[in-house]
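Asker: Generate coordinates for the sequence data below:
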Amino acid sequence: MNENTLTITDNRTGRTYDIPIEYDTINAMDLRQIKVNDDDFGMMSYDPGFKNTASTKSTITYIDGAKGILRYRGYPIEQLALQSNYLETAYLILNGELPTKEEYAEWEHNVTYHTFLHENVKSLIEAFRYDAHPMSMFISTVAALPTFYPESRNISDPQVRLIQIFRLIAKVPTIAAFSYRHLRGLPYEYPDNDLSYTGNFLKMLDCMSQSKYQPNPVLERALDILFILHADHEQNCGTATMRVIGSSHSDPYSAMAGAAAALYGPLHGGANEAVLRMLTEIGDVKNVPSFMEGVKNRERLLMGFGHRVYKNYDPRAKIIKEVADQVFEVTGANPMLEVALELERIALEDDFFISRNLYPNVDFYSGIIYQAMGFPVAMFPVLFAIPRTIGWLSQWTELLNDGSQKIARPRQIYLGEGERDYVSMEDRE
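Answerer: The predicted structure follows:
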């Protein structure tokens, strides 16, 4: 008997089936042979939320939630955050290898070349209400880009795809900055391609009348690290949305608008906003013990702790905690940090939280940092979407190059009415 099989006995019929195992996984279509009679559709698996269903074979991001491991293309996130920068990490995620000096220079040039937006795009953003949410503006603007680049629908051409990738990586900071300036009622600031990727973004956010804006190097590096940490995270909700839309062979702008819309949800990209509201509600370190007792009694929600994947300390949270200290040296102490540290201390020492794997995640400290840097809470999901762009595009590219992928079409278990006849309105009770 082949050891790499799963033997299933159907007690309804007494039949036995040997299902091949590959990478600790069985192919869902192999279940279809399990039938009571020839007219049956065949066996399916039921998995709400896809908690235990693999939809793809990927070489991009590796996560071991039990051990708290995150790697891009095999490189530990800790090494990339310490030694790399966002654009180099983006090259790695897309291409699979770190660039040479020449490859990086070409990559940086190609991204920088596309940072400006068509003036009509600016008019589109100007049409939004003065208090429109920045994420709504971001999603709508990204969705409008294929009207400016109709050739983007030619997804079968690798060169055309690459140009759209350059455009999206380059333009999302500009779109985000314009959305921010619109919210604040400020004139839009154009890119300065002499600055770094994150330095240019900070300039478009903050520049007023300076003849030559220079970002604070500590804040510039902190934002770069945050971008690296958020660049990709395997098959999460937004990435799955990107792949599902991409499976219909939609253009990358439309697919990414859908991914960003998924990210906009409070259970996904809005989690750090929820952390900030929680910390504001607690208000002072002295209120932490009573709040944590409320959590134990299921009267309060502990935001920023625990993760769908990580059952250990989120490796990104450790890095962000160090970044927070550096940022606060520039911006001044944030009273919420003391509350956050006390929450973390109790959670890491109390068996109630330890037994439930409630360790701090990436959202726990990121919101505090963004607030210290002057970002309004409404900008938090946008700040998530900018770096995640490269992850979405890399996953989209991998999907298109995978010959085994088909248009996404999940099955359902129908529990509705059987066939019944139409009754005219006057005869209905």
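Asker: Which residue, other than its chain neighbours, is closest to His230?
Answerer: Pro387 (4.4 Å; Cβ to Cβ, 6 or more residues apart in numbering). Backbone N, C-alpha and C define where each C-beta goes, glycine included.
Asker: Assumed the one you found was part of a helix.
Answerer: Yes. Using DSSP: H, G, I helix; E, B strand; the rest coil, the assignment for Pro387 is a helix.
Asker: what sits against it?
Answerer: Tyr86, Leu226, Phe227, Ile228, Leu229, His230, Ala231 (Cβ atoms under 8 Å, 6 or more residues apart in numbering).
Asker: For these, give me JSON lines that also has distance to Arg181 and neighbour count.
Answerer: Formatted as JSON lines, these follow (distance: Cβ to Cβ, whole Å; neighbours: other Cβ atoms under 10 Å):
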{"residue": "Tyr86", "distance to Arg181": "22", "neighbour count": "25"}
{"residue": "Leu226", "distance to Arg181": "21", "neighbour count": "28"}
{"residue": "Phe227", "distance to Arg181": "20", "neighbour count": "26"}
{"residue": "Ile228", "distance to Arg181": "25", "neighbour count": "25"}
{"residue": "Leu229", "distance to Arg181": "25", "neighbour count": "25"}
{"residue": "His230", "distance to Arg181": "22", "neighbour count": "22"}
{"residue": "Ala231", "distance to Arg181": "25", "neighbour count": "25"}
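Asker: any chance of these in a markdown table, with pLDDT too?
Answerer: Converted to a markdown table, these look like this (pLDDT from 0 to 100):
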| residue | pLDDT |
| --- | --- |
| Tyr86 | 98 |
| Leu226 | 95 |
| Phe227 | 97 |
| Ile228 | 97 |
| Leu229 | 95 |
| His230 | 95 |
| Ala231 | 97 |
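Asker: so Ser140 makes contact with Leu124?
Answerer: Yes. Between Ser140 and Leu124 there is a contact under Cβ atoms under 8 Å: 7.5 Å.
Asker: shared neighbours of those two, which are they?
Answerer: Contacts common to Ser140 and Leu124, judged by Cβ under 8 Å, 6+ apart, are absent.
Asker: Around the closest residue to Ser152 other than its chain neighbours, how many other residues sit close by?
Answerer: Nearest residue to Ser152, sequence neighbours excluded (Cβ to Cβ, 6+ apart): Asp251, at 4.2 Å. Asp251: 22 surrounding residues under other Cβ atoms under 10 Å.
Asker: now the residue nearest to His230: how far from His133?
Answerer: Applying Cβ to Cβ, to the nearest Å, the value for Pro387 to His133 is 20 Å.
Asker: Ok, Gly265 next?
Answerer: 13 Å.
Asker: ok, Asn236 - contacts?
Answerer: Per Cβ under 8 Å, 6+ apart, neighbours of Asn236: His268.
Asker: How about the one 3 residues further on?
Answerer: By Cβ under 8 Å, 6+ apart, the residues touching Thr239 are Asp232, His233, Ala259, Gly391, Trp392, Gln395.
Asker: so it sits in a helix?
Answerer: Yes. The assignment for Thr239 is a helix, going by three-state DSSP.
Asker: Local confidence estimate at it?
Answerer: Note for Thr239: predicted pLDDT of 96.
Asker: how near is it to Leu98?
Answerer: Taking Cβ to Cβ, one finds Thr239 at 22 Å from Leu98.
Asker: For the stretch 101-250 of the chain, just list every one of the strands.
Answerer: In the stretch 101-250 of the chain, no segments count as strands under DSSP state E, counting those that start in this stretch.
Asker: residue ranges for the helices of it, please.
Answerer: 101-112, 119-126, 134-144, 158-184, 197-206, 217-229, 237-246 (DSSP state H, counting those that start in this stretch).
Asker: For Ile93, find the nearest of those.
Answerer: Taking Cβ to Cβ, helix 217-229 is the member of the helices of the stretch 101-250 of the chain nearest to Ile93, at 9.8 Å.
Asker: starting at the chain centroid, how far to that closest one?
Answerer: 17 Å (Cα atoms, centre = their mean, to the nearest Å).
Asker: next one: stretch 396-410
Answerer: Counting by Cα atoms, centre = their mean, stretch 396-410 comes out at 19 Å from the chain centroid.
Asker: Any figure for the gap between Thr174 and Asn193?
Answerer: In terms of Cβ to Cβ, Thr174 sits 11 Å off from Asn193.
Asker: oh sorry, the question was meant for Phe178
Answerer: 16 Å.
Asker: Looking at the two, which is more packed in?
Answerer: Shown here are Phe178 and Asn193; by other Cβ under 10 Å, Phe178 has more neighbours (26 against 15).
Asker: got the contact list for the more buried one?
Answerer: Phe178 touches Leu117, Lys122, Ile125, Met137, Thr141, Tyr188, Met204, counting by Cβ under 8 Å, 6+ apart.
Asker: cutoff 6 Å now
Answerer: Ile125, Tyr188 (Cβ atoms under 6 Å, 6 or more residues apart in numbering).
Asker: Tell me the pLDDT of it.
Answerer: pLDDT at Phe178 comes out at 97.
Asker: roughly how far apart are it and Thr141?
Answerer: 8 Å.
Asker: Ok, Lys212 next?
Answerer: According to Cβ to Cβ, Lys212 and Thr141 sit 28 Å apart.
Asker: now do Asp192
Answerer: Per Cβ to Cβ, Asp192 is found 20 Å from Thr141.
Asker: do the same with Pro410
Answerer: 30 Å.
Asker: ditto for Val160
Answerer: 21 Å.
Asker: Give me the more crowded residue out of those two.
Answerer: The residue with more neighbours, out of Val160 and Thr141, is Thr141; 24 against 17, by other Cβ under 10 Å.
Asker: you'd agree the more buried one is up against Ala177?
Answerer: No. The criterion here is Cβ atoms under 6 Å, and Thr141 misses it with Ala177 at 11.5 Å.
Asker: Please look at Met303 and Arg277 and confirm they touch.
Answerer: No. Between Met303 and Arg277 there is no contact under Cβ under 6 Å: 7.6 Å.
Asker: who has more neighbours, those two?
Answerer: Neighbour totals were compared for Met303 and Arg277, and Met303 leads with 22 against 12 (other Cβ under 10 Å).
Asker: In a helix, the more buried one, correct?
Answerer: No. Going by three-state DSSP, the assignment for Met303 is coil, not a helix.
Asker: what sits against it?
Answerer: Ala274, Val275, Met278.
Asker: Buried subset of these as a PyMOL selection?
Answerer: To isolate the buried ones among the contacts of Met303 in PyMOL, judged by 16 or more other Cβ atoms under 10 Å, type:
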select buried, resi 274+275+278
